[in-house]
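Participant: have a look at this fold, sequence not included:
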């Protein structure tokens, strides 16, 4: 090799090395670290993925809405049901819920059909299934899978409280051949879900959690409150009950619903003190109406004894519709249980816990 040829070859190698060193690194792909987010705007790749998810879901026709933990949970999800209905009005929406949620059927605005199922991963569902003979174990699940497969659902949205797992329902949907499934999970679900909202739940309440879930596939609503259709017969029944209790037609009242358990349980004395605070603050002719659901009669009697000078006692309401009609005309509701609080939100009525009402700086018009 000549000296001139060797020198040219060495110069070429040096130039190539310098070019490689100066070449900027390839931009990170979607989901990789280092993708900048400016002014709260999502990276373009993430936006493209969100648009693709939305397009996939806009092609569906039959949607299964799964909420299996009782009436209060279904009510908390109704705003998300409405988001699906308003974004995709051409779809047929079927609710899969616990048997007790059938009582809500006349009051649900965005649901076309209701199916019931005792889910073995919920307390009430497990109790119902454990009462069956051991030879029937697994029959309810297989029957549901066959029914869902015959229904040819295009998609399923798995609604659940933050304390519950959506993966058991996701497995049933996979066995039923439902191609699109959406749920919120703490860890990747791999093949069980087509779309997942990943991460720890940061929503402040159940309704917000479900709205965030459907927003993941582009479904939104302008009115983010729970939805509950009032029936004329229930409103008429409750107006008669109030007049029989001694209230004048159109008189405003404070509705008190004691009872319920869970982490927000309040003693009867707290309800009585909250009533005193609000009535003394208003200083007008607002009446006090005491009402309870079936099963809470003991708490109602105890509250009545704690405030003998105040309060008109109504018989326990016979249905969700009656409680909703009673709440709809109230000035404020005092309650601690999820169901009456969610009903108050659906009826557009202010609702407070007894401890909140005790703060005198909280006023209600």
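Facilitator: Received, thanks. Quick caveat: nothing in here was measured; it's all calculated off a predicted structure.
Participant: mind telling me what element residue 214 is part of?
Facilitator: helix 206-215 (DSSP states H and E).
Participant: next structured bit after that helix?
Facilitator: Using DSSP H and E, the helix or strand that follows helix 206-215 in sequence is helix 232-244.
Participant: are we agreed that residue 65 is in a helix?
Facilitator: No. Residue 65 is assigned strand when assessed by DSSP: H, G, I helix; E, B strand; the rest coil, not a helix.
Participant: so it makes contact with residue 157?
Facilitator: Yes. Counting by CB atoms under 8 Å, residue 65 does reach residue 157; the two are 5.5 Å apart. The way it works is simple: take the backbone N, C-alpha and C, and place the C-beta from them, glycine included.
Participant: overlap in contacts, these two.
Facilitator: residue 84 (CB atoms under 8 Å, 6 or more residues apart in numbering).
Participant: buried ones in the helix holding residue 214?
Facilitator: For helix 206-215, burial by neighbour count (16 or more other CB atoms under 10 Å) applies to 206, 207, 208, 209, 210, 211, 213, 214, 215.
Participant: just the angle between the helix or strand that contains residue 74 and helix 206-215, please?
Facilitator: Secondary structure from DSSP H and E places residue 74 in helix 71-87. On the basis of axes from the mean of the first three to the mean of the last three CA atoms, to 10 degrees, helix 71-87 is oriented at 40 degrees to helix 206-215.
Participant: what packs against helix 71-87?
Facilitator: Helix 71-87 is packed against strand 62-67, strand 92-97, helix 206-215, helix 338-346, with contacts defined by 3 or more CB pairs under 8 Å, 6 or more residues apart in numbering; DSSP states H and E.
Participant: mind showing which ranges of the chain have poor pLDDT?
Facilitator: 1-44, 201-204, 261-263, 358-365 (pLDDT under 70).
Participant: what ranges does it have for its helices?
Facilitator: 3-22, 44-57, 71-87, 123-130, 139-151, 167-175, 206-215, 232-244, 268-282, 297-306, 320-328, 338-346, 354-357 (DSSP state H).
Participant: among the ones you listed, which is nearest residue 191?
Facilitator: Ranking those by proximity to residue 191 (CB to CB) places helix 167-175 first, at 7.4 Å.
Participant: name the surrounding residues that touch that closest one.
Facilitator: For helix 167-175, using CB under 8 Å, 6+ apart, the contacting residues are 64, 66, 68, 119-121, 141, 144-145, 148-149, 153, 156, 158, 160, 181, 183, 185, 189, 191-193.
Participant: need the buried ones from those selected in PyMOL.
Facilitator: Selection of the buried residues among these in PyMOL, burial being defined by 16+ other CB under 10 Å:
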select buried, resi 64+66+68+119+120+141+144+145+148+153+156+158+160+181+183+185+189+192+193
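Participant: contact partners for the residue nearest the centre of the chain?
Facilitator: What sits nearest the mean C-alpha location of the chain, by CA atoms, centre = their mean, is residue 77, with 3.4 Å. Listed by CB under 8 Å, 6+ apart, the contact set of residue 77 reads 65, 67, 159, 206, 207, 210.
Participant: and the first one, how many neighbours?
Facilitator: By that I understand residue 65. Counted with other CB atoms under 10 Å, the neighbours of residue 65 add up to 28.
Participant: dump the residue contacts of it.
Facilitator: Counting by CB under 8 Å, 6+ apart, the residues that residue 65 touches are 77, 81, 84, 93, 94, 95, 96, 111, 156, 157, 159.
Participant: one more time with 6 Å
Facilitator: 93, 95, 157 (CB atoms under 6 Å, 6 or more residues apart in numbering).
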